[in-house]
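In: what follows is a predicted structure for the sequence shown.
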Amino acid sequence: MRFLTPLSLCVLIAGCEAQSSALPTSDKLSEDKVAEIAERVEARYPDLSRTLREQILATVVRSLDDMVFIEGGEFEMGDFGTLCNYDPTNMGVWPYGQEPDRLCPITPERHDDHLHQVRLSSYHLSRYQAKLVDFDLFRTSLGLPLFDAGLRERDDLQDLFAPNKPAWTKGWQEADDYCAWLGELSGYAVDLPTEAQWEYAARNRGQYVQYPTDDGNLDYGRNIPADEITEELPIAQFAPNPLGLYDMAGNSTDWVSDWYSADYYHDSPLEDPTGPAVGTQKVRRGSNYPELMWISANTVRRWNDDPEKSRHLPGNSFRCAVQSPDPL
């Protein structure tokens, strides 16, 4: 005999004040799991309106449905090199018929040069960067005002704050808190991905792929924004990489969980590295809409950045991960 949770019973009872509408459906989660999440939302936010609680529940469920399961494995992390003269629209297959030690660095930075073996457990990574509308809902759940509320009222800036654009962050902590919020309400171990997890996924499970696009090449307007684009675009406008992950290059960068150290690649452990224990800067991965994509939109580039900015900025976004070795 199947026993219903209190919330499930509530759904069946007409006029029940605690839950007056049907639970959202999920592609990955069982009805009982969705009901469990709904109970957490009800317990966590008894003073929020019914509409807001339903929006929070739908956001959590959709965020879990958007998680891509990535089978773990071992790869060589870091700048693996490229042809000294190459065509980003026709990359070919690494090492392009040459000895790897005769290739040129992909990036001019030196902190990504040290190749090192990394072995990752399986995990999940969000198919999409967090959307501004979901980030706004998170802030509202905490009783915080919308950032740049006055600017959002201007008719000429409506497109700038479109709800399906990547979330703007003021700093790393907000991104980390958002993922922890999903984890608290879902009951899963949700947080920002590690730098190694991000690169492994961008490189299609650690292959020697220079660009994290569907075919490893840059096809402007089809799998990456054109260089003429001068503002952030809505998410998922271009073809995803082979794992089904959108916007791993171009448009907006992703905060990852790691503290930054220029020497960390020399000290990184083999198994599931999580970055230095302490630091003063955090790491972002990916590339940003004002940049030239053929230079910046590669899979190995890393940004070291102050964890707190003066204001919320486009181009500083994130995507969450579920740290579970088993599919949801």
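Out: Here it is on my side, so go on. Residues are numbered from 1 along each chain as shown.

In: pLDDT value on residue 14, please?
Out: pLDDT, residue 14: 33.

In: for residue 260, same thing?
Out: pLDDT recorded at residue 260 is 98.

In: in the stretch 101-250 of the chain, mark out all the helices, start to finish.
Out: Secondary structure of the stretch 101-250 of the chain (DSSP state H, counting those that start in this stretch): helices at 132-141, 149-152, 172-186, 195-202.

In: winner for burial among these?
Out: helix 195-202 (a mean of 26; mean count of other C-beta atoms under 10 Å). (Glycine included, C-beta is placed from N, CA and C.)

In: that one: what's the following helix or strand?
Out: Going down the chain from helix 195-202, the next helix or strand is strand 253-259, by DSSP states H and E.

In: so where's the stretch 101-250 of the chain uncertain?
Out: Within the stretch 101-250 of the chain, no range satisfies pLDDT under 70.

In: mind running it again at 90?
Out: Scanning the stretch 101-250 of the chain for pLDDT under 90 picks out 227-230.

In: if we can go back for a sec, in TSV: the helices of the stretch 101-250 of the chain, plus distance to residue 225.
Out: Putting the helices of the stretch 101-250 of the chain into TSV (distance: least, C-beta to C-beta, whole Å) gives the following:
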stretch	distance to residue 225
helix 132-141	17
helix 149-152	23
helix 172-186	22
helix 195-202	16
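
In: so which of those helices gets nearest residue 307?
Out: Between residue 307 and those, the shortest gap by C-beta to C-beta is with helix 172-186, which sits at 4.0 Å.

In: how far does the closest one sit from its chain's centre?
Out: On the basis of C-alpha atoms, centre = their mean, to the nearest Å, helix 172-186 is displaced by 12 Å from the centre of the chain it belongs to.

In: give me the residues contacting that helix.
Out: 37, 40-41, 44, 56, 60, 63-64, 130, 135, 138, 141, 167, 169, 188-192, 255, 257, 282, 307-308, 317-318, 320-321 (C-beta atoms under 8 Å, 6 or more residues apart in numbering).

In: give me the buried entries from the residues you listed.
Out: Buried members of the contacts of helix 172-186, scored by 16 or more other C-beta atoms under 10 Å, are 37, 40-41, 56, 60, 63-64, 130, 135, 138, 141, 167, 169, 188, 190-192, 255, 257, 282, 307, 317-318, 320-321.

In: kindly export stretch 306-315 (C-alpha atoms) in CSV.
Out: Output in CSV follows, covering the C-alpha atoms of stretch 306-315 (Å, rounded to 0.1, in the frame of the first residue of the first chain):
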residue,chain,number,x,y,z
ASP,A,306,38.0,39.6,-6.5
PRO,A,307,35.1,37.8,-4.9
GLU,A,308,33.1,41.0,-4.4
LYS,A,309,32.4,43.9,-6.8
SER,A,310,31.0,47.3,-6.3
ARG,A,311,27.7,46.5,-8.0
HIS,A,312,25.9,43.8,-9.9
LEU,A,313,27.4,43.3,-13.3
PRO,A,314,26.4,41.5,-16.5
GLY,A,315,28.9,38.9,-17.6
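
In: averaged over its residues, what pLDDT does it have?
Out: On average, stretch 306-315 scores 95.

In: before we move on, what about stretch 319-328?
Out: 96.

In: counting neighbours, which bits of that stretch end up buried?
Out: Buried residues in stretch 319-328 (16+ other C-beta under 10 Å): 319-324, 328.

In: equivalent analysis for stretch 85-93, please.
Out: Here stretch 85-93 shows 86, 88, 91 as buried, counting by 16+ other C-beta under 10 Å.

In: any chance of the buried residues of stretch 319-328 in a markdown table, plus distance to residue 238 and secondary structure?
Out: Shown next, in a markdown table, are these (distance: C-beta to C-beta, whole Å; DSSP: H, G, I helix; E, B strand; the rest coil):
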| residue | distance to residue 238 | secondary structure |
| --- | --- | --- |
| 319 | 15 | coil |
| 320 | 21 | coil |
| 321 | 22 | strand |
| 322 | 24 | strand |
| 323 | 28 | coil |
| 324 | 28 | coil |
| 328 | 26 | coil |
